[in-house]
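Enquirer: Predicted model and sequence follow; I will ask about them next.
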Number of protein chains: 2
Amino acid sequence: YLPNVSLQWIIVQSGFFSFGAGLLTYKLIPSVAELTSQANLTGMDLNKRGDPKFSGKKIPESLGICVAVVYLVCVILFQTFQWFSFPETIQLSEYNAALTSICFMILLGFGDDVLNLRWRYKLILPMFASLPLLVAYAGGTTVVVPDINFPVPLREWLGMVFDLGIFYRIYLLMLAIFCTNSINILAGINGLEVGQSVVIATSIIIHNLIELTIASHSPLSTAATNSAISTVSPHLFSLILMIPFLFTTISLLFYNWYPSRVFVGDTYTYFSGMCFAVVAILCHFSKTLLLFFIPQILNFLYSVPQLFGIIPCPRHRVPKFNPETGKMEAIPTNLTIINLLLMITGPLTERKLCVYLLIFQGFCSCIGFGIRYFVAPYFF
Amino acid sequence: YLPNVSLQWIIVQSGFFSFGAGLLTYKLIPSVAELTSQANLTGMDLNKRGDPKFSGKKIPESLGICVAVVYLVCVILFQTFQWFSFPETIQLSEYNAALTSICFMILLGFGDDVLNLRWRYKLILPMFASLPLLVAYAGGTTVVVPDINFPVPLREWLGMVFDLGIFYRIYLLMLAIFCTNSINILAGINGLEVGQSVVIATSIIIHNLIELTIASHSPLSTAATNSAISTVSPHLFSLILMIPFLFTTISLLFYNWYPSRVFVGDTYTYFSGMCFAVVAILCHFSKTLLLFFIPQILNFLYSVPQLFGIIPCPRHRVPKFNPETGKMEAIPTNLTIINLLLMITGPLTERKLCVYLLIFQGFCSCIGFGIRYFVAPYFF
Ligand SMILES: [Mg+2]
Ligand SMILES: [Mg+2]
């Protein structure tokens, strides 16, 4: 099914490590939640203000730090294991660049949760965190020109491929900054940050598995099936980073789901966004990643007037909780797709609102797959 | 003087970047100190208890985070710059492994400062942070057998070189854990943690410069002077990591020197220890590093009965401040070389105590250089 036994075996092993990491996360979260509470890292649940069942309750914040550290330990352990068992399948410079970027981003997220950094630092620092990725990025900087003849015959003008050179790396940098921030602004509902990460990670894993399967069946690779070329496929590397991410994130979702017993903090949203950016950049599927980020892109575009200060932007742009009906009501001046959805559907409970948004995320992923595998081939 | 122009040029450029990083650190510390104070990361100065000039004053803690983040940004920027200008002088996998280990250690140190981790995590987690180093470690695992004939003719028994195999990597792991913790336990006096780091970093930089100079004069290298062999010398890499460390640390020392306006936190001691471990491991001078760690080794050995619980160990093992004389007095049951020194010299002011300890550190470095360059050649 997959290219060769050792490749399947690596994926299964990664699954074992990730399962362990997931269990460990599940076990550690309550004690880390105690530590963050003692450190005064707590928050009130804005969407339950006025609900006597929850009123005045302080929820532990920044539990992303627990998930992120377990994730790092898991990936580092797997790196060591893989280097012992299948040394020919590792590209150390990219592996360590990925770890550097993710770890630096976790540090910045946690620093932000603890120290409340100013906006300018939040925008500048992710750029530095992404630089090691761009340096380690070994792929080409050319793009295949789409086979479009309207309004101009593109391929006649630009040739089959077009070298973007340094601009390609600038595009990758922008992608990393977008990913780390876009999850952070589609947030504020119990379980939404973690839930959307589960959907995106699942989509990426499915995409990687499809690509590995296609590669194993393509006539080109049959001769080289057992050679290094197919085993160090970038999609294998993406799986190695995404499977532990998915497992640890699912553990977090148990605690963060409505009604949240823990909050995840900027630590988690930055960590999650950077993980996605890292795999997309190092494993060369940045355009496909954007297809899985459709809700985040829509939310960002819809938010632009507030983000750039054209319309006043409150600190939290969540909808309003109505304690009498127990439902969330839209605040149309808060330009997020959360409020947009509520304007379409009318008031919803917080749990239902989150479920609807996640279904929308999953639906967009399906559209993304359709575009990637059925529409794109017509143009390339 | 040095192997070739481009090598000297890289070092000078690194100096420019580092100088900028030092200035930035100096400028940022006051505002980051405000942020850490607001986050309740503050500490009382134990050595001034009872002194009316200082009583009840809360000092901002964990300023290591500022130094460490500026350091990371500087090294990442220099990596990008070096990759643009001198791509043939970079070994990316080791570069990124260094960044991963240092960054993970900073995260753990800051996590410890904020969350007060339990002892077992403090001992286990640095091990994971060091694993990427061991995986990326590309050097040999053999040691040259010393030319000693008493009590047994070692070289006749073991041969000229002896392959330690996996045990060499275990030794490196132990070294990393020792470095990160040994600076943390030789602490508690204003300016001591940072001061000893300045002395050790300076010693390492001198050692690297000596080695690069020797390499440029050795008959072996003259033919290959301009080739890749000499330019990617591990000692160049060590300089690239140590020069920014020295500059940012000196900026921190301005604020941490007696009387301390900021404290550095576990963030700094872990960061500093890991930086030393990283360069020693990846640049293959682990034994020389231990020569610069003589005071830390003595302090560790002297502390062993308390660290392993044979003698009760209080939370802080600093000497006692006598508000009447304004001097520090030894507490002989606190087994640190700080108290040992006070038992020899009698009571000292805190400033003098720190200066004496730093002179001792510098003196030990000189002995280290003597052993490295005059004694060791007789045996190898
Ligand atoms: Mg924040
Ligand atoms: Mg501590």
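Expert: Perfect, thanks for sending it. Here the structure is a predicted model, which means the values were calculated and not measured. Residues are numbered from 1 along each chain as shown, chains lettered A, B, ... in the order given. Ligands and ions are numbered 1, 2, ... in the order given.
Enquirer: okay, CA-based contacts and neighbour counts for the rest of this
Expert: OK.
Enquirer: Which element, helix or strand, includes A:Ser31?
Expert: In the assignment (DSSP states H and E), A:Ser31 maps to helix A:5-38.
Enquirer: Give the closest residue to A:Ser55 in space, chain neighbours not counted.
Expert: Take A:Ser55 and drop its neighbours on the chain: the residue closest to it by CA to CA, 6 or more residues apart in numbering or on different chains is A:Arg49, 6.2 Å away.
Enquirer: residues contacting the one you found?
Expert: Shown in contact with A:Arg49 (CA atoms under 8 Å, 6 or more residues apart in numbering or on different chains): A:Ser55, A:Phe321, A:Pro323.
Enquirer: Chain A: strands as residue ranges?
Expert: Applying DSSP state E to chain A gives strands spanning A:42-44, A:58-60, A:142-144, A:161-163, A:320-322, A:327-329.
Enquirer: follow-up on the earlier one: in the helix holding A:Ser31, which residues are buried?
Expert: A:7, A:10-11, A:13-15, A:17-22, A:24-26, A:29-30, A:32-33, A:35-37 (16 or more other CA atoms under 10 Å in any protein chain shown).
Enquirer: Whether that helix contacts chain B - can you check?
Expert: Yes. Using CA under 8 Å from any CA of the partner chain, helix A:5-38 reaches chain B at A:Leu35, A:Thr36, A:Gln38.
Enquirer: OK, contacts around the nearest residue in space to the first one that is not next to it in sequence?
Expert: So the one you mean is A:Leu35. Leaving out its chain neighbours, the residue that sits closest to A:Leu35 by CA to CA, 6+ apart is B:Leu115, at 5.5 Å. Counting by CA under 8 Å, 6+ apart, B:Leu115 makes contact with A:Leu35, A:Thr36, A:Gln38, A:Ala39.
Enquirer: What residues does chain A have near chain B?
Expert: So chain A meets chain B at A:35-36, A:38-39, A:73, A:76-77, A:79-80, A:83, A:92-94, A:96-97, A:99-100, A:103-104, A:106-107, A:114-116, A:128-129, A:131-132, A:135-136 (CA under 8 Å from any CA).
Enquirer: hmm, 7 Å instead?
Expert: A:35-36, A:39, A:73, A:76, A:80, A:92-93, A:96-97, A:99-100, A:103-104, A:107, A:114-115, A:128, A:131-132, A:135 (CA under 7 Å from any CA of the partner chain).
Enquirer: quick one: pLDDT of the residue of chain A most remote from its centre?
Expert: Largest separation from the mean C-alpha position in chain A: A:Glu156, at 37.0 Å (CA atoms, centre = their mean). We have a pLDDT of 79 for A:Glu156.
Enquirer: do A:Val143 as well
Expert: So A:Val143 comes in at 80 (pLDDT).
Enquirer: Distance check, it against chain B.
Expert: For A:Val143, the distance to chain B (CA to the nearest CA, to the nearest Å) stands at 22 Å.
Enquirer: And A:Ser365, by the same measure?
Expert: From A:Ser365 to chain B the distance is 32 Å (CA to the nearest CA).
Enquirer: So what's the residue count around that residue?
Expert: Neighbourhood size, A:Ser365 [other CA atoms under 10 Å in any protein chain shown]: 25.
Enquirer: what sits against it?
Expert: Residues counted as contacts of A:Ser365 (CA atoms under 7 Å, 6 or more residues apart in numbering or on different chains) are A:Ser203, A:Leu291, A:Phe292.
Enquirer: list the contacts for A:Ile102?
Expert: Residues in contact with A:Ile102, defined by CA under 7 Å, 6+ apart, are A:Phe271, A:Met274, A:Cys275.
Enquirer: quick one on the thing from earlier: any chance of CSV for the contacts of B:Leu115, columns distance to B:Ser238 and pLDDT?
Expert: Output for the contacts of B:Leu115, formatted as CSV (distance: CA to CA, whole Å; pLDDT from 0 to 100):
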residue, distance to B:Ser238, pLDDT
A:Leu35, 37, 95
A:Thr36, 37, 95
A:Gln38, 40, 93
A:Ala39, 37, 93
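Enquirer: okay but A:Phe128 is in contact with B:Tyr71, surely?
Expert: No. Here A:Phe128 lies out of contact with B:Tyr71, judged by CA atoms under 7 Å, at a distance of 11.5 Å.
Enquirer: Quick check, the residue in chain A closest to chain B?
Expert: Of all residues in chain A, A:Ser93 sits closest to chain B, at 3.6 Å by CA to the nearest CA.
Enquirer: nearest spatial neighbour of that residue, skipping sequence neighbours?
Expert: In space, and not counting its chain neighbours, A:Ser93 is closest to B:Ser93: 3.6 Å by CA to CA, 6+ apart.
Enquirer: Now for that neighbour, how many residues are close by?
Expert: B:Ser93 has 23 neighbouring residues, counting by other CA under 10 Å.
Enquirer: and it, how far is that from A:Leu107?
Expert: Distance, B:Ser93 to A:Leu107, by CA to CA, to the nearest Å: 21 Å.
Enquirer: what's the answer for A:Val279, then?
Expert: In this view, A:Val279 and A:Leu107 are 19 Å apart by CA to CA.
Enquirer: Between these two, tell me which one has more neighbours.
Expert: Taking other CA under 10 Å, A:Val279 and A:Leu107 do not tie; A:Leu107 has more neighbours (27 against 24).
Enquirer: So that one sits against B:Leu107, correct?
Expert: Yes. Judged on CA under 7 Å, A:Leu107 makes contact with B:Leu107 at a distance of 5.5 Å.
Enquirer: ok, back up a step: just send the contacts of B:Leu115 back as CSV, with distance to B:Asn208 too.
Expert: Putting those into CSV (distance: CA to CA, whole Å) gives the following:
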residue, distance to B:Asn208
A:Leu35, 42
A:Thr36, 43
A:Gln38, 45
A:Ala39, 42
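Enquirer: wait, which of these is closest to A:Leu253?
Expert: Taking CA to CA as the measure, A:Leu253 lies nearest A:Thr36 of those, at 17.7 Å.
Enquirer: Tell me, please, where in chain A the pLDDT is lower than the cut-off.
Expert: Filtered on pLDDT under 70, chain A yields the residue ranges A:1-5, A:218-232.
Enquirer: dump the residue contacts of A:Ile206.
Expert: By CA under 7 Å, 6+ apart, A:Ile206 lies in contact with nothing.
Enquirer: and what of A:Lys320?
Expert: Shown in contact with A:Lys320 (CA under 7 Å, 6+ apart): A:Asn47, A:Met328, A:Glu329, A:Ala330, A:Ile331.
Enquirer: For the third one, list the residues it contacts.
Expert: By that I understand A:Glu329. For A:Glu329, the contacting residues are A:Pro319, A:Lys320, A:Phe321, A:Asn322, A:Leu342, A:Pro347, by CA under 7 Å, 6+ apart.
Enquirer: Can you tell me how far it is from B:Thr36?
Expert: Using CA to CA, A:Glu329 is found at 37 Å from B:Thr36.
Enquirer: sorry, back to before: so A:Phe128 and B:Tyr71 - more neighbours on which side?
Expert: The neighbour count for A:Phe128 versus B:Tyr71, taken as other CA under 10 Å, is higher for B:Tyr71 (25 against 22).
Enquirer: so how far is A:Ile11 from the more buried one?
Expert: Where A:Ile11 is concerned, B:Tyr71 sits at a distance of 36 Å (CA to CA).
Enquirer: what sits against the residue lying closest to A:Thr100 once chain neighbours are set aside?
Expert: Computed as CA to CA, 6+ apart, the closest residue to A:Thr100 that is not its neighbour in sequence is B:Thr100, at 4.5 Å. Applying CA under 7 Å, 6+ apart to B:Thr100 gives the contacts A:Asn96, A:Leu99, A:Thr100, A:Cys103.
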